[in-house]
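Colleague: coords below, sequence missing:
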């Protein structure tokens, strides 16, 4: 009998690499925000950086992109 192949998940190294990338980006943006807050005190730039950070948090930690995927992974 032929067995169906189960779909494989992404390799763990790829998942870890993405997690490290997101963590580094968030850390760098936090340092930039701190520097801008001390130096320029510009609300518009702070809001822009906050939105960029929110994008990374929502996409990676909340898995928001999976809401619009064709496959049901539940």
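Modeller: That came through, no problem. Quantities reported herein were computed from a predicted structural model and do not represent experimental measurements.
Colleague: Quick check: which element contains residue 18?
Modeller: helix 12-39 (DSSP states H and E).
Colleague: right, and the helix or strand after that helix?
Modeller: Assigned by DSSP H and E, the successor of helix 12-39 is helix 43-56.
Colleague: Report all helices and strands that that following helix contacts.
Modeller: helix 12-39 (3 or more Cβ pairs under 8 Å, 6 or more residues apart in numbering; DSSP states H and E). For every residue, glycine as well, the C-beta is placed using N, CA and C.
Colleague: Tell me what angle the helix it packs on forms with helix 43-56.
Modeller: Following axes from the mean of the first three to the mean of the last three Cα atoms, to 10 degrees, one obtains 170 degrees for the angle between helix 12-39 and helix 43-56.
Colleague: for helix 12-39, packing partners?
Modeller: Using 3+ Cβ pairs under 8 Å, 6+ apart, helix 12-39 sits against helix 43-56.
Colleague: Just give the closest residue to residue 22, not the sequence neighbours.
Modeller: residue 60 (4.6 Å; Cβ to Cβ, 6 or more residues apart in numbering).
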